[in-house]
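Trainee: only geometry, no sequence info:
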């Protein structure tokens, strides 16, 4: 068992998969390079913890704006899936609600200065990327692409 504490209190997070499938042989998605541990230097999906008195939709919109500068309305219909593996985050048990939304990203350069948590914002082409994604985000993106094909 990953957690040895008697009373584990899982945390709730959100991750946002903005994607562009306008090109039939590519899958573009938005990623941010972390500037903090864990996974410092790795690209991940924009996201973070849900704060008190905040819905998961509000948290997703806030995190997307804070980490990428993109202001976008998200709704319950944009929820893709929940991931709850106890070891998906090395710090503690984090359950994430993943939002997925089509957004024009092809040939788009995101102009964002970053912040203390995020070093860089970049559009990646999943099938031609060299970067390895942190946390379980590689699995999440692959899972979403598979859902589009079924």
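Mentor: Arrived safely, thanks for sending. Computed from a prediction, not measured in an experiment: that's the story for all the values here.
Trainee: drop to CA atoms for contacts and neighbour counts, all remaining ones
Mentor: Fine.
Trainee: Distance from the chain centre to the lowest-mean-pLDDT helix or strand in the chain, please.
Mentor: Across the helices and strands of the chain, mean confidence by mean pLDDT, DSSP states H and E is lowest for strand 118-125: a mean of 93. Computed by Cα atoms, centre = their mean, to the nearest Å, the chain-centroid distance of strand 118-125 equals 11 Å.
Trainee: Give the other helices and strands that it contacts.
Mentor: Counting contacts by 3 or more Cα pairs under 8 Å, 6 or more residues apart in numbering; DSSP states H and E, strand 118-125 is packed against strand 28-34, helix 56-68.
Trainee: Next one, pLDDT for the residue most central in space within the chain please.
Mentor: Centroid-nearest residue in the chain, with Cα atoms, centre = their mean: residue 45, separated by 2.6 Å. Looking at residue 45, its pLDDT is 98.
Trainee: Need phi/psi at it.
Mentor: Main-chain dihedrals, residue 45, degrees, to the nearest 10: phi -70, psi 150.
Trainee: Tell me, how many residues neighbour residue 51?
Mentor: 13 (other Cα atoms under 10 Å).
Trainee: From what I see, it and residue 59 are in contact.
Mentor: Yes. Taking Cα atoms under 8 Å as the definition, residue 51 is a contact partner of residue 59 at 7.0 Å.
Trainee: Any figure for the gap between the closest residue to residue 126 other than its chain neighbours and residue 104?
Mentor: Once flanking residues are discounted, residue 126 sits nearest to residue 27: 5.5 Å by Cα to Cα, 6 or more residues apart in numbering. Residue 27 sits 11 Å away from residue 104, going by Cα to Cα, to the nearest Å.
Trainee: Overlap of the contact sets of those two?
Mentor: Listed as contacting both residue 27 and residue 104 by Cα atoms under 8 Å, 6 or more residues apart in numbering are 19-20.
Trainee: out of these two, which sits in the more crowded spot?
Mentor: residue 27 (19 against 14).
Trainee: Spell out which residues sit in contact with the more buried one, please.
Mentor: With Cα under 8 Å, 6+ apart, residue 27 has these contacts: 19-21, 125-127.
Trainee: which one of the residues you listed is nearest residue 69?
Mentor: residue 19 (15.8 Å; Cα to Cα).
Trainee: Now do the SS call for that closest one.
Mentor: Of the three states, residue 19 takes strand under DSSP: H, G, I helix; E, B strand; the rest coil.
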